[in-house]
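*Asks:* My questions concern the predicted model and sequence given below.
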Amino acid sequence: MGFSKATPALLCSFTVLPLASAVANGAESDALMVAELDPIVVTATLGPRTVGESLSSVTVVSEEDLEQQSPTEFSEVLRGQPGINVISNGSFGKNTSVYTRGTGSESTLFMIDGVRLRSATSGSAPWQFLPVDLVERVEMVRGPKSSLYGADAVGGVIQAFTLEPSRENSGWVELAGGSFNTGKGLAGVSVGDGNTRVSISGLHQESDGTAIIENGEDRGYRNSAGVARVVHELDNGGQASAVLMQSEGNTEFEGGNTDFMIRTLGLRLDTPVSDHWRTSIQFSEARDEQETFNDLYADSVFDTRALSGRWENTFTMDVHELVVGTELVNDEVSGTTNFDETTRFNTALFTQLRLNFGPTDLQFSLRGDDNEAYGKYETGGVSLGHAFDRAHRVRISYGTSFRAPTFNDLYYPLEVYSWGGSYSGNADLEPEKSGTVELGFSGRYQSWFWDFAVYQLDVENLISLETDNTGLMSPANVNKARIRGLEMASGFELDGWNAKASLALMDPRDRETDNRLRRRSAQTLRLALDKIIQTWSFGGTFIAEGYRYDDAANTKRLPGYGTLDLRAGWEFAPGWSSRVTVANVLDKEYATAERFDGSRYIAAGRTALLSVRYDFQ
């Protein structure tokens, strides 16, 4: 599939204009029906809004979607979604990176239940260690959101929501087993008493894994995780809640293994102050701890701890809304590496204004960050949306974002390697800064929807490694990048059928060399179809991605691939159900990354998993 720099503009001309014309003339008969496939999201704006009202490109994976798809890893939920590339060093808990709209993994903000989680040393989130079985819902917001969340929300924000306690006393137990000696046990209970709800859930899973390079040995994975949540409804309409998620275990890789632990803890109070003023305050802690044992290199420990406090105040007047807030974040790192600095503190003030004038919505956002490591930085965004009728809407937006240099970028001490080269951090680095313009159209009807968006993202001060004449490698602000793209999504729910399709075309370019940015695929396609027939369900997902390069010089080409997953479920007795999934049915061998020696990290082949579950009340 070819894709030139002019493709987004051409597709915009040939696709958007006919859509606009159809809207103006009154499209199909159901165009005036109330949109039912317009879910509520909270990540795109500072408060719950429908996808259409958010004026952003959003993909929602609901509880029903997760139940039908039965993914075995969190990355399977993201793979092939519009604008998202997932890069992995093999299957079963191996290092994973998520690129949103062509930006690096450090430029996608990851949150769990409103708590930001990442490594302050590498900058990336530990996607591979979040157990997908404890996730109830996922929201993927594409586009700049630094004006709401600060650093690193350049390509977008992905938020996972863990299991919510029900108002009825209930519980569940599940056992699963499958290929590569994979075994898993899960259980959970939810109790409600008056205004208070409590839930506890957990799992343990182990797998011998599979080879992650050709002719390699199997590399296993072990994980124990749990979620505990307390929710108390206040008499004045407010809510107090606490949620703890922890996942720990061990993953093996080529040449060693890593003990890991990730944890998020959030305490939140949301309460009305008056009829027009609502306030919320959240205190949170996030930890990412990894101890790595290497066969060839010295063992290492990298621990990250982030403490944060966030206060939001929402003022309403008729249909208009103003949000004003502040956020304090303190990052701490420790371990075997003697960083020149081990803490950094960030303060921020932010505001969002939402105005509604009948069919037209306006949104403005502004945030100022003051970081003791890299100074002050301001970001903003403006969005306009117009509804032609109750089903069709156009949106246009512009926003700025920035990516903060990591502790490795800024403070990594001089290290000399046996082959003669060396590496050192650069304390003079500036944050990467970017601006994104986006135009989108959508149609949402009683049983189906479509969404179309084109965008351009320009990045300056791109951080990349530079090598001087002595062999010293150090990060520097040298490159510029331009990323142009097009995203289309559609789906329907009717008579037990549930179908979703998405296509993304992208041209991520280094403006200095005109090469494609490393590890980005220019084309992704995802098709999912499920059918419920009484107590049975059947479905499948097809994902295809185009080729990519593993190096900045575009000499190491990794071919594109397509995979097919199939699944079936059966509710065979009251409270009892079973599911079987077969991933990569055609046993396709593919790779999204290479090792330093030129060998490729390969994904698992055909993988089957059978589970049996009992739900009780």
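*Replies:* Yep, it's here. Numbering: from 1, shown residues only.

*Asks:* which residues of the stretch 101-250 of the chain fall in strands?
*Replies:* In the stretch 101-250 of the chain, the segments counted as strands under DSSP state E, counting those that start in this stretch are 108-112, 115-116, 135-142, 156-162, 170-178, 182-193, 196-211, 218-233, 239-253.

*Asks:* Export these as CSV, with columns for mean pLDDT.
*Replies:* Below are the strands of the stretch 101-250 of the chain laid out as CSV (pLDDT from 0 to 100):
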stretch, mean pLDDT
strand 108-112, 96
strand 115-116, 97
strand 135-142, 97
strand 156-162, 97
strand 170-178, 97
strand 182-193, 96
strand 196-211, 97
strand 218-233, 97
strand 239-253, 97
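
*Asks:* Of all those, which one is nearest Met506?
*Replies:* Checking these against Met506 by CB to CB gives strand 135-142 as the closest, at 11.2 Å. For every residue, glycine as well, the C-beta is placed using N, CA and C.

*Asks:* Could I get the pLDDT score of Cys12?
*Replies:* For Cys12, the pLDDT comes out at 40.

*Asks:* do Glu487 as well
*Replies:* Confidence at Glu487, expressed as pLDDT, is 98.

*Asks:* Helix or strand: which one has it?
*Replies:* Assigned by DSSP states H and E, Glu487 belongs to strand 472-494.

*Asks:* to the chain's geometric centre, what's the distance from that strand?
*Replies:* Computed by CA atoms, centre = their mean, to the nearest Å, the separation of strand 472-494 from the middle of its chain amounts to 13 Å.

*Asks:* quick one: that strand to strand 135-142, angle?
*Replies:* 110 degrees (axes from the mean of the first three to the mean of the last three CA atoms, to 10 degrees).

*Asks:* got the contact list for Arg229?
*Replies:* Neighbour list for Arg229: Thr162, Leu163, Glu164, Pro165, Arg197, Val198, Ser199, Ile200, Ser241, Ala242, Val243, Leu244 [criterion: CB atoms under 8 Å, 6 or more residues apart in numbering].

*Asks:* The second one against Asp133, yeah?
*Replies:* No - applying CB atoms under 8 Å, one finds Leu163 not in contact with Asp133, separated by 9.1 Å.

*Asks:* In contact with Pro39, which residues are there?
*Replies:* Residues in contact with Pro39 (CB under 8 Å, 6+ apart) are Thr50, Val51, Val60, Ser62.

*Asks:* One more: Ser434?
*Replies:* Taking CB under 8 Å, 6+ apart, we find Ser434 in contact with Thr103, Pro144, Val154, Thr400, Ser401, Phe402, Arg403, Leu457, Asp458, Val459, Glu460.

*Asks:* Which of those has the largest number of neighbours?
*Replies:* Of all the contacts of Ser434, the most densely surrounded is Pro144 (34 neighbours; neighbours counted as other CB atoms under 10 Å).

*Asks:* Wait, that one touches Ala153, no?
*Replies:* Yes - under the contact definition of CB under 8 Å, Pro144 touches Ala153, with a separation of 6.6 Å.

*Asks:* which regions of the chain sit below the pLDDT cut-off?
*Replies:* Counting by pLDDT under 70, the chain shows low-confidence ranges at 1-37, 417-420.

*Asks:* can you give me the helices for it?
*Replies:* Counting by DSSP state H, the segments of the chain that form helices are 7-11, 17-24, 51-54, 63-69, 74-78, 146-149, 407-411.

*Asks:* Render the CA-only coordinates of the last one in CSV, please.
*Replies:* Extracted C-alpha coordinates of helix 407-411, given in CSV (Å, rounded to 0.1, in the frame of the first residue of the first chain):
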residue,chain,number,x,y,z
PHE,A,407,16.0,11.3,33.7
ASN,A,408,18.0,9.2,31.3
ASP,A,409,18.0,12.1,28.8
LEU,A,410,19.1,14.7,31.3
TYR,A,411,21.1,13.0,34.1
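
*Asks:* what's the distance between it and the middle of its chain?
*Replies:* Using CA atoms, centre = their mean, the mean C-alpha position of helix 407-411 is found 24 Å from that of the whole chain.

*Asks:* got a list of what the nearest residue to Arg526 once chain neighbours are set aside touches?
*Replies:* Leaving aside its chain neighbours, Arg526 sits nearest to Gly80 (3.4 Å; criterion: CB to CB, 6 or more residues apart in numbering). With contacts defined as CB under 8 Å, 6+ apart, Gly80 is in contact with Ser502, Thr524, Leu525, Arg526, Thr541, Ile543, Ala544, Glu545.
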